[in-house]
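Q: no sequence for this one, just the structure:
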């Protein structure tokens, strides 16, 4: 059961009958919601419910039996409390979750760009997203078909042995990957230009374009080329073309960057596996964009998230699964871990 005007950016695990989501909610990417819990050979499945206008952040977990009241917010990589009921409008962050007394709100935002878009905006988004969601597949089919008809089939017919055909096949695959990535690169500059800090409503033309760009980037360039470049010198080379400011000798094992021009990586810093330099958040249906600066020689641990408007100082170290809250500054030559990030014991 999904309420009216709810936004969902994640795939549920098939337990649809146990899920009830209220009106005007927002469920972000990679949320675990309604999945069963298996322990010691027993599977537990319970109803999961949210009230109206609830926000569930990226990578959050709503375990079986969770009941989230109206207006509540669950932060990224967080879960609701297990030993007490949440109150309406409450904000929880972390695991175990702490109660945040205040958060930035945008209650005065233009409602036509957030919760009550006019009919023409709904139609524009429907048509635009139908096209943008199908574009990666259309590009695969078109370029693959042309390559097969005009390159691979003629080469296969002319080859006496498979070994004669193999170089053409390999070169054609490489050329297709580079061509698809080049199209995505061109679309970034044509569609978005240079990303800058700012606030944009969910239903604004700017938000529609950047979401389309994200779909194209991850669904095309990321899948067919950039994921293979992770941990190699080639990934920084490519992401510089997209607008990321990357210094010398950077180790980059993540492609999880969206507002490219808002990210600066200092010389010889290390961005470990699937770290997320998250330059935006979507609470209150306002997309808030900010900058992230990683200092020279800093190390970002695996699966760590750094939120926007933050600076990580030179030679600082963030442990695995750490979350740096927006607006924070991590001092240089220090070690931090946890969600939210805290100084590690014994660190200097």
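A: All right, it came through fine. Just so we're clear, the structure is a prediction, and the values are computed from it rather than from any experiment.
Q: give me the buried positions along stretch 250-260.
A: Burial within stretch 250-260, assessed by neighbour count using 16 or more other CB atoms under 10 Å, is assigned to 250-255, 257-260. Where C-beta positions appear, they are placed from N, C-alpha and C, glycine not excepted.
Q: an error on my part: the question was meant for stretch 319-334.
A: Neighbour count says stretch 319-334 has 319, 322-326, 328, 330, 334 buried, by 16+ other CB under 10 Å.
Q: so who does the spatially closest residue to residue 255 that is not a sequence neighbour touch?
A: Closest residue to residue 255 in three dimensions, ignoring its sequence neighbours and counting by CB to CB, 6 or more residues apart in numbering: residue 226, at 4.7 Å. For residue 226, the residues meeting the contact criterion (CB atoms under 8 Å, 6 or more residues apart in numbering) are 181, 235, 238-239, 255.
Q: before we move on, back to that, name the nearest of the buried residues of stretch 250-260 relative to residue 185.
A: Distance to residue 185, by CB to CB, is smallest for residue 260 among the buried residues of stretch 250-260, at 10.2 Å.
Q: confidence score at the closest one?
A: Residue-level confidence at residue 260 comes out at 96, pLDDT.
Q: from residue 96, how far out is the residue nearest to residue 255?
A: The span separating residue 226 from residue 96 equals 35 Å under the rule CB to CB, to the nearest Å.
Q: before we move on, what about residue 318?
A: With the distance defined as CB to CB, residue 318 ends up 20 Å from residue 96.
Q: try residue 72
A: Using CB to CB, residue 72 is found at 16 Å from residue 96.
Q: please say which of the two ends up with more neighbours.
A: More crowded of residue 72 and residue 96, by other CB atoms under 10 Å: residue 72, with 21 against 11.
Q: wait, what's in contact with residue 133?
A: Residues in contact with residue 133, defined by CB under 8 Å, 6+ apart, are residue 215.
Q: apologies, that question was intended for residue 270.
A: Contact partners of residue 270, counting by CB under 8 Å, 6+ apart, are 250-251, 298-300.
Q: try 10 Å
A: 249-253, 294, 297-301, 317 (CB atoms under 10 Å, 6 or more residues apart in numbering).
Q: for residue 166, state which of those residues is nearest.
A: Checking the contacts of residue 270 against residue 166 with CB to CB, the nearest one is residue 253 at 30.6 Å.
Q: local confidence estimate at that closest one?
A: 94.
Q: which ones are touching it?
A: Residues in contact with residue 253, defined by CB under 10 Å, 6+ apart, are 229-232, 235, 270-275, 300, 302.
Q: same check, this time on residue 110
A: Counting by CB under 10 Å, 6+ apart, residue 110 makes contact with 116-117, 201, 203-204, 286.
Q: can you check residue 165 too?
A: Taking CB under 10 Å, 6+ apart, one finds 152, 155-159 in contact with residue 165.
Q: surely it is within a helix?
A: Yes: note on residue 165: a helix contains this position according to DSSP: H, G, I helix; E, B strand; the rest coil.
Q: how much space between it and residue 59?
A: Taking CB to CB as the measure, residue 165 and residue 59 are separated by 44 Å.
Q: go on, residue 191?
A: In this structure, residue 191 and residue 59 are separated by 27 Å, where distance is defined by CB to CB.
Q: the two: which is more packed in?
A: Summary of the neighbour comparison: residue 191 and residue 59, criterion other CB under 10 Å, with residue 59 having more neighbours (19 against 13).
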